[in-house]
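Colleague: Kindly generate the corresponding structure for this input.
(one chain, ligands or ions: 1)
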Amino acid sequence: MCGIVGYTGEKQAAPILLDGLKRLEYRGYDSAGLAVRDGRALAEVVKATGKLYHLADKTDMGRSLPGTCGIGHTRWATHGDPSLVNAHPHVSGNCSGSGSGKVESDVVGVHNGIIENYGELKEKLMRHGYRFYSDTDTEVVVKLVDYYYKKYKIGPVDAITRTMVRVRGSYALALMFKDYPDEIFAARKDSPLIIGTAENAAFLASDVPAILKYTRSVYYIGNLQVARLSPGSVKCYDLNGDEITLPLTEITWDAEAAEKGGYEHFMLKEIHEQPAAVRDTLNSLVRNGKIDLTSSGITDDMLLSLSQIIITACGSAWHVGMAAQYVIEDMAGVPVRVELASEFRYRSLPMDRSTLVIVISQSGETADSLAALRLAKEKGAETLAVVNVVGSTIAREADHVLYTLAGPEIAVATTKAYSAQLIALDALAVQMAMVKGTASAEQYGHLIEEMASIPEKIARVLEDKERLQWFSSKIANAHDIFFIGRGLDYAISLEGSLKMKEISYIHSEAYAAGELKHGTISLIEKNTLVIGVLTQSRMIEKTVSNMAECKSRGAYLMGITTNGDFSVEDSVNFTVYIPRTDEHFVSSLAVVPLQLLGYYTSVNRGLDVDKPRNLAKSVTVE
Ligand code: AGP
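Modeller: Residues are numbered from 1 along each chain as shown. You can find the predicted model right below:
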């Protein structure tokens, strides 16, 4: 996610803004920028790609940017590649170049979030004479504020509230107006934003760490609210433009805890960000109740012409492919192979233009997955990258790209990116089913509604985390854990096993439940933990009987199943229930208890959850 900071007061703004952005680096970014105004003079905008020190160097640690009012931004690209021209701040004027330098524009702004209807708004503004220099949704929203500011001539709060009524999506906005040289205006919907106040100064930031050094007194601005910051004064307004009073909160966190949003580890924070990651990713692929893959470049004709799909990836991304295989084949009847990228790259798999090779990668930089992509292109296959990092190597080299909108993932063990990838592939499968006629219009609509219900259902699963925390304390000394399931449940078992072993260092294996009796069951001893994923109704009974075979050899059983399926409870020692949903999508729910189990087990063992030994977040070597 992007990072936003703002300051107005008696001190020089730029050094304070740079310091604040540094404390937001953990949020991930690919470029940064500042806009500072020195009294009535024109605002000056400076941007830099890459790490923050480039921006600091460009501004001599802020000293070359005089002025006591300013805003700053670190950009995590969602719309438009990481580049100088797409870096924030953005301006309302029809400027050339990247919008840097001394700007005449009436409005200068930064934004964290996703404006879903930015395309239609851009067209509207172009009809009114606006010209655009960037590919960002942010430039659109800054120009829309300017449009209303000039059209109604009432003032910044009015222009902002009119904009809020018009845009769809999420935003935390910080805006400066030429006619209000020592003030900053802010607005929020769904994206985080806090307002700090101190003697003769006011601050704003995406997150507490950016301003803790200067003040612990903050206002948590609510959704669809506007704030007006001037030196030592903060006024807030509702969507009608009426002034409202917000409670002043004293922050008690220390800086490190604040970076994790109050969670003990980034992994737990990211587990809890999954509803938003799934919602944002799905919303980016659904328009007016239909799936719209236009942004990826994949067309319905292409989907219709496919003879086979090969999914290739590593680690958890490969597990997403294993789940997607079942969903795509069952929904659309297209043959799907899933290959480990480290194996695929040495295979001679037949493929041609009617083959779609899907490369799944959170980082977009995994060496084996990149090599697999290059091989697929050499062999003439159509390639689609499903990645989380805009402008990453795999994203740039694939024929088509479908971005997940999970935001930066800090913990080495992936969770929210995995879930975002899962829903993205589900959406692709549903679109294929509609195009190939294997789903009726009614079924198509129902499937989309079911996917849209997943975020709220994940949130409900998260409410049960204390039971998993309790259970994990009982298995902290386990030596071997087995995860089993059939079909999609097997695919989820793979992810559950990886989560467990990579952060708790307990040996675990995932097994197709029907495969146990072909050798592995000899490993089952007294108190060996066997975890059964039991969500695919037509296969539950068989897997439960496999678990019973393990129990008869001394195993301790945990089952994950959907609400109402009480038959499982009588067969296992510990049951976790998840909400019912279409069984194609239930993986998104079943994986959450397994993520939590791995997390709490690692915590109980006193391990470094976010940075497990021997592992890197992105494996850019073979
Ligand atoms: C997942 O928890 C692991 N960190 C690892 O398996 C990861 O999924 C794998 O290295 C692939 O990374 P990518 O998605 O960035 O390509």
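
Colleague: Residue 298: what's it in contact with?
Modeller: Counting by C-beta atoms under 8 Å, 6 or more residues apart in numbering, residue 298 makes contact with 384, 400, 402, 428. Glycine gets a C-beta too; all of them are placed from N, C-alpha and C.

Colleague: Show the end-to-end separation of stretch 267-278, please.
Modeller: Distance between the two ends of stretch 267-278: 16 Å, counting by C-alpha to C-alpha, to the nearest Å.

Colleague: which residues are in contact with that stretch?
Modeller: Stretch 267-278 is contacted by residues 190, 260-261, 263, 404-407, 409-411, 413, 415-417, 419-420, 422-423, 454-456, 458-459, 462, 503, 588, 592, 595-596, 599, 609-610 when judged by C-beta under 8 Å, 6+ apart.

Colleague: Filter those down to the buried ones and hand me the ChimeraX line.
Modeller: The ChimeraX command for the buried members of the contacts of stretch 267-278 (criterion: 16 or more other C-beta atoms under 10 Å) is given here:
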select :190,260,261,404,405,406,407,409,410,411,413,415,416,417,419,420,422,423,454,455,458,459,462,503,588,592,595,596,599,609,610
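
Colleague: show me which of the contacts of stretch 267-278 neighbour the ligand.
Modeller: For the ligand, the contacts drawn from the contacts of stretch 267-278 by C-beta under 6 Å from any ligand atom are residue 413.

Colleague: In helices only, show me the contacts of stretch 267-278.
Modeller: Counting by DSSP state H, the part of the contacts of stretch 267-278 found in helices is 416-417, 419-420, 422-423, 454-456, 458-459, 462, 503, 588, 592, 595-596, 599.

Colleague: Now the residue most central in space within the chain: phi and psi?
Modeller: The centroid of the chain falls nearest to residue 406 when counting by C-alpha atoms, centre = their mean (0.9 Å). When read as degrees, to the nearest 10, the backbone of residue 406 gives phi -90, psi -10.

Colleague: Which part of the stretch 301-450 of the chain gets nearest to the ligand, residue-wise?
Modeller: Nearest residue of the stretch 301-450 of the chain to the ligand (C-beta to the nearest ligand atom) works out as residue 315 at 1.8 Å.

Colleague: how much space between that residue and residue 326?
Modeller: Separation of residue 315 from residue 326 (C-beta to C-beta, to the nearest Å) stands at 19 Å.

Colleague: swap in residue 156?
Modeller: Using C-beta to C-beta, we find residue 156 at a distance of 52 Å from residue 326.

Colleague: ok, now residue 80?
Modeller: 35 Å.

Colleague: Looking at those two, which has the bigger crowd around it?
Modeller: Remark: of residue 80 and residue 326, residue 326 carries more neighbours, 22 against 18, as counted by other C-beta atoms under 10 Å.

Colleague: Quick one: list the elements packing against the helix or strand hosting residue 316.
Modeller: Taking DSSP states H and E as the criterion, residue 316 maps to helix 315-332. If contacts are counted by 3 or more C-beta pairs under 8 Å, 6 or more residues apart in numbering; DSSP states H and E, helix 315-332 sits against strand 308-313, strand 336-340, strand 355-361, helix 416-436, helix 488-504.

Colleague: Nearest approach to residue 99 belongs to which of those?
Modeller: Residue 99 lies closest, by C-beta to C-beta, to one member of the helices and strands packed on helix 315-332: helix 416-436, at 30.3 Å.

Colleague: tell me the mean pLDDT for that closest one?
Modeller: Taken as a whole, helix 416-436 has an average pLDDT of 97.

Colleague: What's the local residue count around residue 214?
Modeller: Neighbour tally, residue 214, other C-beta under 10 Å: 19.

Colleague: picking that back up, centre of the chain to the helix holding residue 316, how far?
Modeller: Averaging C-alpha positions (C-alpha atoms, centre = their mean, to the nearest Å) puts helix 315-332 20 Å from its chain's average.

Colleague: tell me the mean pLDDT over it?
Modeller: Computed over helix 315-332, the mean pLDDT rounds to 97.

Colleague: What score does the residue of the stretch 151-300 of the chain found nearest the ligand have for pLDDT?
Modeller: Relative to the ligand, the nearest point of the stretch 151-300 of the chain is residue 267 (9.4 Å; C-beta to the nearest ligand atom). Reading off the confidence values, residue 267 has pLDDT 96.

Colleague: how about the nearest residue to it, chain neighbours excluded?
Modeller: In space, and not counting its chain neighbours, residue 267 is closest to residue 411: 3.7 Å by C-beta to C-beta, 6 or more residues apart in numbering.

Colleague: OK, contacts around that neighbour?
Modeller: Residue 411 touches 265-267, 270, 609-610, counting by C-beta under 8 Å, 6+ apart.

Colleague: Would you format those residues as a markdown table with distance to residue 111 included?
Modeller: Listed next are those as a markdown table, based on distance: C-beta to C-beta, whole Å:
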| residue | distance to residue 111 |
| --- | --- |
| 265 | 28 |
| 266 | 24 |
| 267 | 27 |
| 270 | 22 |
| 609 | 32 |
| 610 | 28 |
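
Colleague: And these, which two are furthest apart?
Modeller: Farthest apart among those by C-beta to C-beta are 270 and 609. That separation is 10.9 Å.

Colleague: who in this structure is up against the ligand?
Modeller: 314-317, 361-363, 366, 369, 412-414, 502, 618-619.

Colleague: Compare these and tell me which has the most neighbours.
Modeller: Highest neighbour count within the residues of the chain next to the ligand: residue 361, with 34 neighbours (other C-beta under 10 Å).

Colleague: Distance of that residue relative to residue 442?
Modeller: Counting by C-beta to C-beta, the gap from residue 361 to residue 442 is 35 Å.

Colleague: got it, and residue 521?
Modeller: Using C-beta to C-beta, residue 521 is found at 44 Å from residue 442.

Colleague: before we move on, what about residue 594?
Modeller: Residue 594 is 33 Å from residue 442, by C-beta to C-beta.

Colleague: higher neighbour count, those two?
Modeller: Counted by other C-beta under 10 Å, residue 594 and residue 442 do not tie: residue 594 has more neighbours, with 24 against 8.

Colleague: Which residue comes closest to the more buried one once chain neighbours are left out?
Modeller: Closest to residue 594 by C-beta to C-beta, 6+ apart is residue 496, at 3.3 Å.

Colleague: neighbours of that neighbour, just the number please.
Modeller: 27.

Colleague: wait, it sits on residue 531?
Modeller: Yes: using C-beta atoms under 8 Å, residue 496 is in contact with residue 531, at 6.6 Å.

Colleague: Identify the contacts common to these two.
Modeller: With contacts taken as C-beta under 8 Å, 6+ apart, residue 496 and residue 531 have 483, 594, 597 as neighbours in common.

Colleague: What pLDDT does the model give the second one?
Modeller: Reading off the per-residue confidence, residue 594 sits at a pLDDT of 98.

Colleague: now it: how far from residue 356?
Modeller: Residue 594 is 29 Å from residue 356, where distance means C-beta to C-beta.

Colleague: list the contacts for the residue nearest to residue 594?
Modeller: When contacts are counted by C-beta under 8 Å, 6+ apart, residue 496 touches 483, 510, 531, 533, 591, 594-595, 597-598.

Colleague: Out of those, grab the one that's most surrounded.
Modeller: When neighbours are taken as other C-beta under 10 Å, the top entry among these is residue 533 (35 neighbours).

Colleague: That residue reaches residue 560, doesn't it?
Modeller: Yes: with contact defined as C-beta under 8 Å, residue 533 counts as touching residue 560 (5.2 Å).
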